[in-house]
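*Asks:* what follows is a predicted protein model with its sequence.
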Amino acid sequence: QQKWKNSRGEQRKAVEQEIEHNVFGVNDKVNQLFLDAIKQEPDNALNYATYAMWLKPRKYIKEGGFTNAYPDALKNIDKAIELWPDESRFYLMKAWIIYSANYCGDWLRAGVDDKLAIAAAMPDIEKLYASAEKYDPDNAYINYAHALNLFRFTDPAEFDSIKESLLREIRAGNRKESSHFFF
């Protein structure tokens with residue numbers, strides 16, 4: 001019976017490693033396709049933004065460990081914003097990169113401190129929503145998404161400190177006739 005338990009544990013570990021590598025690992029061939037597209041069209045912000053979205057949940061697998069690709073995702077979305085600073089969707093995409101879970105298809109890679117890190121990043125997320133609204137002032141989705149994330153990532157004990165901002169976003173969204181989002 002002990003042999004079966006060891007075998008089962010080894011099988012589980014092998015499956016976990018395969019998932020980590022094949023689902024969440026940065027595939028060198030796919031990565032190179034993004035880099036080639038960027039090299040061919042270095043002024044096309046869409047290449048950087050798409051690459052950022054692809055990198056966000058992934059990690060670079062190295063012998064004995066891994067490095068999160070998240071910092072490179074931020075660098076690439078920042079490059080997209082630098083190239084097309086008046087594109088509201090890029091600010092929303094950056095906010096999404098910061099606050100969204102690390103999903104690859106149906107697979108989730110989560111960390112213990114994810115909500116704490118997002119709460120600490122809320123001032124940056126606030127600025128991103130403000131920039132998105134600046135370039136797309138008639139889009140109610142921006143206000144609603146802002147309100148939702150403000151509520152979701154603020155400590156309940158701090159609710160009184162966000163109540164006015166939350167109501168402002170909901171009321172601003174309610175006054176707008178258009179609401180559209182991206183993915």
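*Replies:* Sure thing, it's come through.

*Asks:* which residues are in contact with residue 118?
*Replies:* Residues near residue 118 by Cβ atoms under 8 Å, 6 or more residues apart in numbering: 98-99, 125, 153. To be clear about C-beta, it is placed using only N, CA and C from the backbone, and glycine gets the same treatment.

*Asks:* residues of the helix or strand hosting it that come out buried?
*Replies:* Using DSSP states H and E, residue 118 maps to helix 114-135. The neighbour-count check on helix 114-135 (16 or more other Cβ atoms under 10 Å) flags 118-119, 122, 125, 128-129, 131-133, 135 as buried.

*Asks:* need the residues you listed in CSV with pLDDT and distance to residue 44, can you?
*Replies:* CSV is the format used below for the buried residues of helix 114-135 (pLDDT from 0 to 100; distance: Cβ to Cβ, whole Å):
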residue, pLDDT, distance to residue 44
118, 87, 30
119, 85, 34
122, 91, 31
125, 95, 26
128, 97, 22
129, 97, 25
131, 98, 21
132, 97, 20
133, 97, 25
135, 97, 19
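
*Asks:* can I get stretch 52-69 in CSV, CA atoms only?
*Replies:* Output of stretch 52-69 as CSV, limited to C-alpha atoms (Å, rounded to 0.1, in the frame of the first residue of the first chain):
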residue,chain,number,x,y,z
ALA,A,52,1.0,42.0,-22.6
MET,A,53,-2.3,40.2,-22.3
TRP,A,54,-0.7,36.9,-23.3
LEU,A,55,2.2,37.3,-20.9
LYS,A,56,0.2,38.4,-17.8
PRO,A,57,-0.6,34.9,-16.3
ARG,A,58,2.5,33.2,-17.5
LYS,A,59,5.9,32.5,-16.2
TYR,A,60,9.4,31.8,-17.6
ILE,A,61,10.4,28.3,-16.7
LYS,A,62,14.0,27.9,-15.8
GLU,A,63,16.0,25.0,-14.4
GLY,A,64,15.0,24.8,-10.7
GLY,A,65,12.3,27.4,-10.8
PHE,A,66,10.5,30.1,-12.7
THR,A,67,10.2,33.9,-13.1
ASN,A,68,6.8,35.6,-13.5
ALA,A,69,6.2,37.2,-16.8
